[in-house]
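>>> take a look and give me a structure for this.
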Amino acid sequence: MNDSLSIIGNSIPATSEETIDKIRLLEDEIRKHEQIEFRTEHVFHAGMYARTVRIPAGNLFTSVLIKCPTLIILNGVCDVLSGDSGVLIEGYNVIPAGAGRKTVYFTRTDIELTMIFPSSAKTVEEAESQFTDEVESLLSRTNNDDIVTITGE
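Residues are numbered from 1 along each chain as shown. Below is the predicted model:
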């Protein structure tokens, strides 16, 4: 990865169908190996939904196909397939991210990754269905130790 994304203002664009197909092949290979375990933290507040994961260094993982625009907050160092090209993300970044994206991450350090978008959802399942049609691939659907915070505001 030869570009560096380390300032606010850069964005993660939609991913081409050709690249999505290649990522799906990569996911088939990833599923053949032991999966990392992590907790997803969900927060509902002020008409917004946020989900945070913390991934240790040295892991390769993909996102589901995200169908709505979001903000991504990424803290740490990782290589990211953004749209159809690779970038290095370093430090603390707030990144606009477009709809229609499927992303590949390789963590060089431990990272914290939060996705935020406006939502009227009242449950995690409703919010997840709002941002992806691939809910069956979300680890938050199989892990029972997620943290959910609903403020009521």
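
>>> what distance do you get for the most centrally placed residue in the chain to residue 104?
Centrality entry for the chain: nearest residue to the mean C-alpha point is residue 63, 5.2 Å, by Cα atoms, centre = their mean. Using Cβ to Cβ, to the nearest Å, residue 63 is found at 8 Å from residue 104. (Each C-beta comes from the backbone N, C-alpha and C, glycine too.)

>>> hang on, the earlier thing: next, give phi and psi for the residue lying closest to the residue nearest to the centre of the chain once chain neighbours are set aside.
Nearest residue to residue 63, sequence neighbours excluded (Cβ to Cβ, 6 or more residues apart in numbering): residue 103, at 4.5 Å. With angles defined as degrees, to the nearest 10, residue 103 sits at phi -120, psi 150.

>>> show me what contacts residue 103?
12, 15, 62-63, 66, 80-82 (Cβ atoms under 8 Å, 6 or more residues apart in numbering).

>>> show me the strands in this structure, by range?
3-5, 40-45, 48-55, 60-62, 70-82, 85-97, 104-107, 111-118, 147-150 (DSSP state E).

>>> between the ones you listed, which gets nearest to residue 34?
strand 60-62 (12.3 Å; Cβ to Cβ).
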